[in-house]
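> Give the three-dimensional model of this entry:
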Amino acid sequence: EPGHADNWEVLGVLRHQQSRYKEAIDAYRTALRLNPNHSSAISNLANALVVIGDLDAGRDILTKPHTVQMNEAMAWEGLGFADQKQGRHAEAEKEFRRALEINPNLHHALRNLAFSLKQTNRRNEAEEALRQALKLKPDFADAWGNLAELLALRNDHAGAKEAFEKAIAADPSSAGIWHALAIERGHSQDFTGAADAAEHAVRLAPSHSDMWSFLGETRMRLNQPESALKALLEAEKLNPKNVHTLQALAAYFGKRGEYAKSIGYMERALEIDPASPNSWSNKGYSLLKVGRYPEAVEALQTAIRLQPDFTNAWINLGEAYLKQKQIGKAIPVLERALNLAPSSPDARLYISQAFVGSGQYAKGKEHLEILLKQAPALLPAVYLLTAANIGQSNKPESLAAYVRLKNINPRMARELREQSRMRGLPMGFELPE
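Numbering: from 1, shown residues only. Predicted coordinates:
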């Protein structure tokens, strides 16, 4: 019966199921020549055309008047995915929505719709689409991972961590998800959990430099210097031009006081990315620690030009000016640092030092009082407070601050006492032994 349209349509379906798409298309077209209104042949032909990439022909068939079949949703989803890969997110959104009109239970279409919505900065709608997908398929790992990324973008790090953990529970084979989970655990200061997730990531993707680098940084946080260095050196071996790894190695050696090595890594990082404020700031810090103050100032000023709200760079620049006894330059720099980070103990201590060192004792004490409320036993602050009271010839407060200093560090108290005696204490009062 070569003239029976249903037989040709069934033959097309069988070929389709065997992935013999071009032969399936020939069978569907024959069915439609025999019966132009054969609705299942229309929808199956559209699906097959989309699968082989003949998108215009598939779209043309789907948009002509006909009785819509449930399986056309797959063709619309295929069109949407193809447009999405080409960056045509407006068109992709329409196609995914058409697929969902035909079949609201397509969890993959909801996930793909969410991606296009995210790319067009409609994150709330994207989140809603993902949550709908997860209602349909609670163990949908990709949707949990995508939802976690959206939550992280709006700084809901607790929600992001939970979503990444659900993605891992659904599919523990994704190195990228383990790496993202490690980062989110780091945000919550769970460095043990972060290291565990990072170790999973590098086992699954041992050639991924960034994952080794993050593992090394996490082990540094856990005070595991040997394993941290091993991970960071592995990251460097995999990609010697990974700026993040070079920065991490610079930080590693800087924390160990090996500032020459730290500077070397920062210079390598700056050769690759000379516009990195982090690299300039880290280089400036290491130069400061080895006493190369003019170079430190230049590096820190560069970091600030690149990122004007870089708090650490402002603080370190203030310290560099103090080291050069340029108090007039240090004070406004440290005031800027405190505007950016009012709770920074380093900025507060350095500006106190600047005011006390320049004889502005009242201003110095204002900052020291704030600092000592945060850290009552902070030795340099107690020392400066004692010196400021002595400078003001305030005998009762000088004695009280001196006793406080002596209780914390008797040696430093003796040194201050001897210095004061050599200068000649005001008002004739004597600091006790």
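> which residues of the stretch 201-350 of the chain score low on pLDDT?
Scanning the stretch 201-350 of the chain for pLDDT under 70 picks out no residues.
> how about the strands in it?
Counting by DSSP state E, counting those that start in this stretch, no segments of the stretch 201-350 of the chain form strands.
> Can you check the pLDDT for the residue nearest the centre of the chain?
Geometric centre of the chain, nearest residue: Ile183, 7.1 Å, by Cα atoms, centre = their mean. Per-residue pLDDT puts Ile183 at 95.
> who's in contact with it?
194, 214 (Cβ atoms under 8 Å, 6 or more residues apart in numbering). To be clear about C-beta, it is placed using only N, CA and C from the backbone, and glycine gets the same treatment.
> let's number from 569 now, not from 1
Happy to do that; since the first residue is 569 now, the last one works out to Ile751.
> buried set for the helix or strand encompassing it?
Per DSSP states H and E: Ile751 is located in helix 743-755. Burial within helix 743-755, assessed by neighbour count using 16 or more other Cβ atoms under 10 Å, is assigned to 743, 745-754.
> What of stretch 598-605?
So stretch 598-605, judged by 16+ other Cβ under 10 Å, has buried residues 598-600, 602-603.
> tell me the mean pLDDT over that stretch?
Stretch 598-605 comes out at a mean pLDDT of 91.
> any residues touching it, and which ones?
Here stretch 598-605 has contacts from 571-574, 576-577, 580, 606, 609-610, 613, 634-635, using Cβ under 8 Å, 6+ apart.
> for stretch 798-814, same thing?
So stretch 798-814 is contacted by 770, 775-781, 783-785, 787, 816-817, 820, 833-834, 836-837, 840-841, 844, 847 (Cβ under 8 Å, 6+ apart).
> So what's the gap between it and the chain middle?
Between the centre of stretch 798-814 and the centre of its chain there are 18 Å (Cα atoms, centre = their mean, to the nearest Å).
> in that stretch, what counts as buried?
Neighbour-count burial for stretch 798-814 flags 799-800, 802-804, 806-807, 810-814 (criterion: 16+ other Cβ under 10 Å).
> What's the end-to-end length of it?
14 Å (Cα to Cα, to the nearest Å).
> could the buried residues of stretch 798-814 go into TSV alongside distance to Ala871?
As requested, these are exported to TSV (distance: Cβ to Cβ, whole Å):
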residue	distance to Ala871
Ala799	27
Leu800	22
Glu802	28
Ala803	23
Glu804	23
Leu806	27
Asn807	24
Asn810	20
Val811	14
His812	16
Thr813	19
Leu814	16
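> Of the residues you listed, which is the nearest to Asp622?
Asn807 (40.5 Å; Cβ to Cβ).
> Please, a PyMOL command that selects the buried ones among the contacts of stretch 798-814?
Entered in PyMOL, the line below selects the buried ones among those, by 16+ other Cβ under 10 Å:
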select buried, resi 770+776+777+778+779+780+781+783+784+785+787+816+817+820+833+834+836+837+844+847
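> coming back round to it: filter the contacts of stretch 598-605 to the buried ones?
By 16+ other Cβ under 10 Å, these give 573, 576-577, 580, 606, 609-610, 613, 634 as buried.
> farthest-separated two in those residues?
Once Cβ to Cβ is applied, the buried ones among the contacts of stretch 598-605 give Trp576 and His634 as the farthest pair, at 17.3 Å.
> Next step: the contacts of stretch 798-814 restricted to helices.
770, 777-781, 783-785, 787, 816-817, 820, 833-834, 836-837, 840, 847 (DSSP state H).
> Hmm, Pro845 and Leu874 touching each other?
Yes - with contact defined as Cβ atoms under 8 Å, Leu874 reaches Pro845; the gap is 4.1 Å.
> if we can go back for a sec, between the buried ones among the contacts of stretch 598-605, which is closest to Val924?
For these, the nearest to Val924 is Leu613 (85.1 Å; Cβ to Cβ).
> isn't that closest one right up against Asp594?
No - using Cβ under 8 Å, Leu613 makes no contact with Asp594, being 10.0 Å away.
> Please identify every residue contacting each of the two.
Common neighbours of Leu613 and Asp594 (Cβ under 8 Å, 6+ apart) are Gly580.
> what's the closest non-adjacent residue to Asn880?
Spatial nearest neighbour of Asn880, chain neighbours left out: Ser849 (5.9 Å); criterion: Cβ to Cβ, 6 or more residues apart in numbering.
> do the same with Ala981
Closest to Ala981 by Cβ to Cβ, 6+ apart is Lys974, at 3.8 Å.
> What helix or strand is that neighbour located in?
Lys974 is part of helix 963-976 when elements are defined by DSSP H and E.
> Just the CA trace of whichever helix or strand comes after that helix, in PDB.
Where DSSP H and E defines the elements, the next helix or strand beyond helix 963-976 is helix 978-991. The C-alpha trace of helix 978-991 is given here as PDB (Å, rounded to 0.1, in the frame of the first residue of the first chain):
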ATOM      1  CA  PRO A 978      56.100  44.900  81.300                       C
ATOM      2  CA  ARG A 979      59.100  45.100  78.900                       C
ATOM      3  CA  MET A 980      57.400  47.700  76.700                       C
ATOM      4  CA  ALA A 981      56.300  49.600  79.800                       C
ATOM      5  CA  ARG A 982      59.900  49.800  81.000                       C
ATOM      6  CA  GLU A 983      61.000  51.000  77.600                       C
ATOM      7  CA  LEU A 984      58.400  53.800  77.600                       C
ATOM      8  CA  ARG A 985      59.400  54.800  81.200                       C
ATOM      9  CA  GLU A 986      63.100  55.000  80.200                       C
ATOM     10  CA  GLN A 987      62.300  57.100  77.100                       C
ATOM     11  CA  SER A 988      60.100  59.400  79.100                       C
ATOM     12  CA  ARG A 989      62.800  59.900  81.800                       C
ATOM     13  CA  MET A 990      65.400  60.600  79.200                       C
ATOM     14  CA  ARG A 991      63.100  63.300  77.700                       C
END
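> What residues of helix 978-991 count as buried?
Residues of helix 978-991 classed as buried by neighbour count (16+ other Cβ under 10 Å): 980-981, 984-985, 988.
> cool, stretch 643-657 as well?
Quick answer for stretch 643-657 (16+ other Cβ under 10 Å): 643-652, 657.
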